[in-house]
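Chemist: Okay, sequence plus prediction incoming.
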Amino acid sequence: MSCTLPLLIHSTYTHVGTPCTPNGLPLPPNTPPLPRQRPPHTDYSPFDNRAHFECADFLFRKEQMSGGKIDALMDILNAFNQQAAGGAGAPFTDANDLYETIDQIPLLDVPWWSFSVSYTGPRPDREEDVPKWMKQEYVVWYRCPDKVLKAQLGNPDFKGEMDWSPKRVYNKKGQREYQDLMSGDWCWEQADTIAEDPGTHGATFCPIILGSDKTTVSVATGQNDYWPLYISNGLVHNNVRRARRNAVSVVAFLAIPTTDREFEGDAQFRKFRRQLFHDSLRHILLNTLPGMSRPQVILCSDNHYRRVIYGIGPYIGDYPEQTLVACVVQKWCAKCTASRLDLNGPGIPRSHEHTRALAEVFPPKILWDDYGIVHGIEPFTTTFPRANIHEVISPDLLHQVIKGTFKDHLVKWVEEYLVIKHGVRGAAVIMADIDRRIAVVPSFTGLRRFPEGRRFKQWTGDDSKALMKVFIPAIAGYVPPKILQCFRAFLDFCYLVRRHIITSEELEQIEDAIQQFYEARLVFAEAGCNVHDFSIPRQHSISHYPRLIQQFAAPNGLCSSITESKHIQAVKEPWRRSNRFNALGQMLLTNQRLDKLAAARVDFYARGMLDGPLTGFDNLLAGFDPAPPSPPTGLHPAHKSDNSGDEEDIDTLDGGGSVIVMAKRKVPNMPKTLTGVEDLCGCPNLGDLIQDYLQLCEPGNLLISTSFTIYPSVTVHLYAPNEQSSPGGIYREHIRSVASWRQGPPRQDCAFVKKSPFVPALRNLAVVRVVMFFSFRTVARSTHECALVTGYTPVGEEPDQDTGMWIVKPQTDTDDDPVYSVLSIHDIIRAAHLIGHSGNETIPNDLLYTDALNAFSAFYVNKYIDYHAHTMDL
């Protein structure tokens, strides 16, 4: 099924990003690219064949097998094969043979370099008084960022997923759409500046996206901290940058100066630590400096050459990282001059020029105390043209919004409010019930479960995201309406700024949500909570989001969650694979080998050498047809989910809508007759309901009463780009109705369905609970795939004004029995999530989440369960 995209009008920057010859001469319009010079389709060098490569990739990347285990496995395979016919040996002699083969991959051969830095400033007169940090030599490891960027720009895996010029996109309503970085105003403004120089006019502007974030790999074996620096190009689309497809590369490991407690607050040490950071970044990026003034001819992912000019682009980091990179004092804003004592007050945008002007007038203490400026250190961006670090600091959804404002502030303030209102003991009783409410929330695709509520030692970003989805119903009844309205405004802001496309109309909604949040949060101050006069940098940062979205487009492509997820592959897993002694050198080598394997896979795939099943050495040694197959539409096969299901895979769904697919496997040992099915589902008038359904879709047709088949689930494929969706934006969820789920109680999920005469509606759609999925045949030889459902009746004609969610009750007849209906599965829009409406009642200790949909008399229709539900007209 294919849905039509709404009309989009693209206004692209003219004469920018046009293809050229390898010598930089412009090509006529519509000139096809020259084919890349590639080895034959039978050449898997340095591997013997496909199986040889797949074995190396499986052992080193997928399984991450240790060297000792690889040695043992090769010995076993060697012994086994020697006893078999032909006497073939193992794929590799041992682990070293595997490593040496990977090292011979000629692609992405970007070695690691290092430089050392030491303190050269004034020291104490007596040698015994010189602190250790002044004597130590600090080593920074890095790779050539120019080569890394060229590899990204030329990666054929990104073909069709990169923008070669700034663009402005408008939908059919005339609303501006902000999606990928090149659709923001900042890139357009940079292109304007570049076009003023005749030597750079017409060049493709490539923003260099940087991100840094300290991470700890193990607390149990000591504080093992690493400080990776990541690099990405701003031309690739946001969905690719988020999808772990080598659009983000680790380019350096920065030094982390440490000292004992005596010197932790020492001004010299703190200045040296900042200076080391900025000088390291200058040195690492120095070889990109020529490419910021003179265009380079670079082979791009679509096989075209282009003249490319670099520029320092958005910098990704959490709040401490932002103040460090901007040379701004903690508790101040890194983007504007609003006072730390009143961050809600006036302020102007910071810039290098403004900082220098202040430094010429005021002494260091005034700069620190009154302007939040760290004197004596210039940000690394002062070395590079057209760069203003205060301008390019990107919004950070994870730490500013999700972890910061929600977890660190709002949740904490609710607890403080309950203590102020009910005392410590009374608050503990209420918070225990809030935990139970969270614990009994019904299941939903992708929803993390919290059996003990929100009481856990360490909150992750995923924990915070999951609790945001269910927190409002959990506290409703225990807090005043104003607090619910505060959370509602905040969550509306969160879900709006996390969308993959943000329109100019939604920008206005974001501004409204910010204003409503700022006004509603005053309730916490009025109650006596410790809100620090709301002069909180993370909450203040929210006020910059509308402007940042206009500049850099959708924030989800520049969030620190991207770098944190990259930590796993680039830092944590390589560290676990090391022997822990001088681990960094081993981690660098592991990263280099992983990059080589990834580049080889992309190259082999582009040459059509990884298509089809892995059938055996004879076929693989024979090679493939010299003509590579045409690339498939939709998702790249290398990026499909590894989860195998019994439902049909759908890779493309352009622009909207959903496709509903019945499970291929039927429920075994189920009755085939109408009478048996009626007894099974407890609906004695199922036959009449089916005839009512047929009267609407096939008037006059009749059911064959012995043709029933029962199914456990349907799969919904919908276009809903989010963190769980595929790179193409396809999100898949299951709606289940089974007698026993995972050897436990029954599970009957809820769903949104199209407006129907059989079930009550909320505006343009209805909410139902699925009793059974089934199919039947008719005398006219047609087969119908249907769902037996019970409906929900809305309480009121509008959503609840405090929570923003509809409240519904199960639809019953005059005898309080459920009202059943039969619908086509293609009337299903997607899964719905209902949370029990507890009011002021406490949750029984023995209530399980599997019984929640049967235990409550009213429910919230949870529009905060995911991004797509929030966009629906509820």
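Modeler: Thanks, I have it. What you see is a predicted model, and the numbers here were worked out from it, not measured in a lab.
Chemist: got the end-to-end distance for stretch 705-714?
Modeler: In stretch 705-714, first residue to last residue: 23 Å (C-alpha to C-alpha, to the nearest Å).
Chemist: ok, then the element right after the lengthiest helix in the chain?
Modeler: Scanning the chain for the helix with the most residues, using DSSP state H, yields helix 412-439. The helix or strand immediately downstream of helix 412-439 is helix 461-475, counting by DSSP states H and E.
Chemist: Which is the succeeding secondary structure element to that following helix?
Modeler: Counting by DSSP H and E, the element after helix 461-475 in chain order, helix or strand, is helix 481-497.
Chemist: Partner strands of the next helix or strand after that following helix, with direction?
Modeler: Sequence order places strand 502-503 as the next helix or strand after helix 481-497, per DSSP H and E. Applying DSSP bridges to the sheet, strand 502-503 is found paired with strand 176-178 (antiparallel).
Chemist: Could you look up the next helix or strand downstream of the partner strand?
Modeler: Strand 176-178 is succeeded, C-terminally, by helix 185-195 (DSSP H and E).
Chemist: For that next one, enumerate the helices and strands it packs against.
Modeler: Applying 3 or more C-beta pairs under 8 Å, 6 or more residues apart in numbering; DSSP states H and E, we find helix 185-195 packed against strand 204-212, strand 305-316, helix 545-552. Yep, even glycine has a C-beta here, placed from its N, CA and C like the rest.
Chemist: looking at those, which is buried most?
Modeler: strand 204-212 (a mean of 26; mean count of other C-beta atoms under 10 Å).
Chemist: Show me how far the helix or strand following it is from its chain's centre.
Modeler: Using DSSP H and E, the helix or strand that follows strand 204-212 in sequence is strand 215-216. Distance of strand 215-216 from its chain centroid, counting by C-alpha atoms, centre = their mean, to the nearest Å, is 20 Å.
Chemist: Low-confidence ranges, this structure, go.
Modeler: Applying pLDDT under 70 to the chain flags residues 1-14, 84-87, 218-223, 454-459, 615-656, 721-728.
Chemist: Any idea how many residues pack against Ala151?
Modeler: The number of residues packed near Ala151 is 18, by other C-beta atoms under 10 Å.
Chemist: tell me which element it is part of?
Modeler: Assessed by DSSP H and E, Ala151 sits inside helix 145-153.
Chemist: by how many degrees do that helix and strand 305-316 diverge?
Modeler: Relative orientation of helix 145-153 and strand 305-316, computed by axes from the mean of the first three to the mean of the last three C-alpha atoms, to 10 degrees: 110 degrees.
Chemist: Now render the helices and strands packed on helix 185-195 as JSON lines, adding distance to Val401.
Modeler: JSON lines is the format used below for the helices and strands packed on helix 185-195 (distance: least, C-beta to C-beta, whole Å):
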{"stretch": "strand 204-212", "distance to Val401": "17"}
{"stretch": "strand 305-316", "distance to Val401": "14"}
{"stretch": "helix 545-552", "distance to Val401": "9"}
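Chemist: send the alpha carbons of stretch 583-594 over as PDB?
Modeler: Taking C-alpha atoms only, stretch 583-594 is exported to PDB below (Å, rounded to 0.1, in the frame of the first residue of the first chain):
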ATOM      1  CA  ALA A 583      42.500  -0.100  27.300                       C
ATOM      2  CA  LEU A 584      42.300   3.000  25.100                       C
ATOM      3  CA  GLY A 585      44.800   1.700  22.500                       C
ATOM      4  CA  GLN A 586      42.800  -1.500  22.100                       C
ATOM      5  CA  MET A 587      39.500   0.500  21.900                       C
ATOM      6  CA  LEU A 588      41.000   2.700  19.100                       C
ATOM      7  CA  LEU A 589      41.900  -0.500  17.100                       C
ATOM      8  CA  THR A 590      38.500  -2.000  17.700                       C
ATOM      9  CA  ASN A 591      36.800   1.200  16.400                       C
ATOM     10  CA  GLN A 592      39.000   1.200  13.300                       C
ATOM     11  CA  ARG A 593      38.200  -2.400  12.500                       C
ATOM     12  CA  LEU A 594      34.500  -1.900  13.100                       C
END
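Chemist: hey, where'd the strands end up in the stretch 51-200 of the chain?
Modeler: Assigned by DSSP state E, counting those that start in this stretch, the strands in the stretch 51-200 of the chain fall at 112-118, 137-143, 167-170, 176-178.
Chemist: Please name whichever of the ones you listed is nearest to Thr31.
Modeler: strand 167-170 (21.1 Å; C-beta to C-beta).
Chemist: Quick check: neighbours of that closest one in the sheet, parallel or antiparallel?
Modeler: strand 9-12 (antiparallel), strand 176-178 (antiparallel).
Chemist: Contact partners for Asp342?
Modeler: The neighbourhood of Asp342, defined by C-beta atoms under 8 Å, 6 or more residues apart in numbering, consists of Asp533, Ser535.
Chemist: And the longest helix of the chain, what does it pack against?
Modeler: Applying 3+ C-beta pairs under 8 Å, 6+ apart, we find helix 412-439 packed against helix 461-475, helix 522-527.
Chemist: Return the set of buried residues in it.
Modeler: 413-414, 416-419, 427, 430-431, 433-439 (16 or more other C-beta atoms under 10 Å).
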